[in-house]
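K.L.:
Provided below for reference: sequence and predicted model.
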Amino acid sequence: MHNKGEKGAWMSGHDQYSSLWLPDPLRVSGRLFVWPNEEQTWFHILNAVNGQPVDVFEKDGCFALHSEAGYIIKLLDVLRRELSHEALQQTRALFKEGKTHPTVADFPEADSLHGFICFARAQWLGELIMGRKLRAHYQPIVDAHRTELVYGQEALMRAHHGSEDQLISPSRLLSAARDAGIMPSLDKHMHSVALDHGGRVGPDTHIFINVTPRTLEDREFNLNYLLRLAREHQVSPDHITLEVIESETIQNLDHFQSVVARLKKHQFRIALDDMGAGFSNLNLLHQLRPNVVKLDMQLTRNIHNDEYKAVIAQKLLETAQSLGILTIAEGIENEEELKWFREHGVDFVQGYLIGKPNPEPVTVTPVL
Ligand code: G
Ligand code: MN
């Protein structure tokens, strides 16, 4: 059965990866046997299964879900969302290849459903990375007053799964990486993918890449790797802005700050992302001392008609301006939002009104 001890080995090479990971519930057909911890969990799961093939073994207190390509991983995502933490921990799960039924001897192999979900999601993500299915799409960031001047391009993670037109949302990828404890690997991989287009965005355009604090804190993260990537792709570090997201996950502030200080010393630029959203707080402004602050799109939405948002955004802009920090308003969708931010002195804007994320960086943006 699957061997959790080998979880860390999945980055070590494609060949090794294929042999280590059998049987693979995503590639091998088989059944996932589930022993729900209580009756309510039965109902929840059967609801989530929603017409997909399932064998019920009432006598054994379990049922089996058929693993069809691409189906089981989606189902696991649903279960992870729908079931309580307790139910996930206490429900047992076991994957059996083919049509075989578990015997008493298999039982010690059964994992908690939670463990199985983490394992399967790590495997799914590993497969996307190894199969080079992760791509960067680029969204232009332009001068607020002259929207035809492209200042930067934010690289946004996208994944194609199954048929090529099936896109996987970044939030699903991020939550899988978090569950599987491989966020730093995902971030690092995305940085290299993002910079692959480095040359194409033009030498004067800044590339914005997202990074979680966890990655910056990770022992495996080192500056040399970023410097090497920048050199290989001929992008100067002062044209690479690291957007720090999800501030609540900072574990060791001293260490985090020392990493940020070293990045700045090498001329990388730091942005505080999603300012004004729940997980980006004012404390981080003085802890991070960023070069750039990005105002969250929830604040932007309808700002011209919302007194509360307007006051909050205005104070955030004033704070950044008096500290000499550049400002970007995210998620601009209409002319009124753009007008509001222009009148309140924002430096740059980003959003569907100006340009949507695109596989090729959009270099011609509208005059608004
Ligand atoms: O967390 P961050 O702000 O980096 O996320 C940006 C996400 O928001 C991207 O996935 C992008 O597709 C999406 N996005 C970008 N511009 C707009 C916009 O104008 N409106 C909306 N609704 N979403 C946007
Ligand atoms: Mn961002």
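P.N.:
Cool, got the structure. Ligands and ions are numbered 1, 2, ... in the order given.
K.L.:
in the protein, which spans are helices?
P.N.:
14-20, 39-49, 71-82, 85-90, 113-130, 170-180, 183-196, 213-217, 223-232, 253-265, 282-288, 297-300, 307-322, 335-343 (DSSP state H).
K.L.:
Tabulate the CA atom coordinates of the shortest one in PDB.
P.N.:
Taking only C-alpha atoms (Å, rounded to 0.1, in the frame of the first residue of the first chain), the coordinates of helix 297-300 have been written out as PDB:
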ATOM      1  CA  MET A 297      -9.600  43.600  -4.700                       C
ATOM      2  CA  GLN A 298     -12.400  43.300  -2.100                       C
ATOM      3  CA  LEU A 299     -11.600  46.900  -1.200                       C
ATOM      4  CA  THR A 300     -11.600  48.000  -4.800                       C
END
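K.L.:
near ligand 2, anything from it?
P.N.:
No: Helix 297-300 is not in contact with ligand 2 by CB under 5 Å from the ion; minimum separation 9.9 Å. Using the backbone N, CA and C atoms, a C-beta is placed for each residue, glycine as well.
K.L.:
residues in the protein within reach of ligand 2, list them.
P.N.:
Residues of the chain lying near ligand 2 by CB under 5 Å from the ion: N210, E243, D273.
K.L.:
Nearest to A159, out of those: which one, please.
P.N.:
N210 (14.4 Å; CB to CB).
K.L.:
The closest one: neighbour count?
P.N.:
By the measure other CB atoms under 10 Å, the count of residues near N210 is 23.
K.L.:
Please apply the same query to H286.
P.N.:
Using other CB under 10 Å, H286 has 8 neighbouring residues.
K.L.:
interface residues of the stretch 101-250 of the chain facing ligand 1?
P.N.:
Within the stretch 101-250 of the chain, the residues that sit near ligand 1 (CB under 6 Å from any ligand atom) are Q139, L156, P170, N210, I245.
K.L.:
Number of residues surrounding the first one?
P.N.:
Applying the criterion other CB under 10 Å, we find 21 residues in the vicinity of Q139.
K.L.:
Equivalent analysis for V34, please.
P.N.:
Counted with other CB under 10 Å, V34 comes out at 23.
K.L.:
Low-confidence stretches in the stretch 201-350 of the chain?
P.N.:
Scanning the stretch 201-350 of the chain for pLDDT under 70 picks out 247-248, 278-280.
K.L.:
In it, which residue sits nearest ligand 1?
P.N.:
Residue nearest to ligand 1 within the stretch 201-350 of the chain (CB to the nearest ligand atom): G331, separated by 4.0 Å.
K.L.:
Next, count neighbours for the closest residue to that residue other than its chain neighbours.
P.N.:
Using CB to CB, 6 or more residues apart in numbering and skipping residues adjacent in sequence, the residue nearest G331 is M297, 2.4 Å away. Applying other CB under 10 Å, we find 19 residues neighbouring M297.
K.L.:
if I pick the residue positioned nearest the centre of the chain, what's in contact with it?
P.N.:
Central residue of the chain (CA atoms, centre = their mean): L174, 3.1 Å from the mean position. Applying CB atoms under 8 Å, 6 or more residues apart in numbering, one finds that L174 lies in contact with M183, L186, T212.
K.L.:
Any buried residues in stretch 31-42, and which?
P.N.:
Neighbour-count burial for stretch 31-42, counted by 16 or more other CB atoms under 10 Å, picks out R31, L32, F33, V34, W35, P36, N37, T41, W42.
K.L.:
nearest residue to the first one other than its sequence neighbours?
P.N.:
Just to be clear, that refers to R31. A64 (3.9 Å).
K.L.:
What is the burial count for that neighbour?
P.N.:
Applying other CB under 10 Å, I find that A64 has 22 neighbouring residues.
K.L.:
Check whether it really touches W35, as I assumed.
P.N.:
No: using CB atoms under 8 Å as the test, A64 is too far from W35 to be in contact (10.6 Å).
K.L.:
just the residues of the stretch 101-250 of the chain next to ligand 1 now: which is nearest ligand 2?
P.N.:
If you rank these by distance to ligand 2 using CB to the ion, N210 comes first, at 4.8 Å.
K.L.:
Just list whatever residues bridge to the residue nearest to R31.
P.N.:
F33, D55 (DSSP bridges).
K.L.:
Quick one: residues contacting it.
P.N.:
So A64 contacts R31, L32, F33, V34, V54, D55, F57, K96 (CB under 8 Å, 6+ apart).
K.L.:
And for the spatially closest residue to the second one that is not a sequence neighbour, the neighbour number?
P.N.:
By that I understand L32. Leaving aside its sequence neighbours, L32 sits nearest to L65 (CB to CB, 6+ apart; 4.6 Å). When neighbours are counted by other CB under 10 Å, L65 registers 25.
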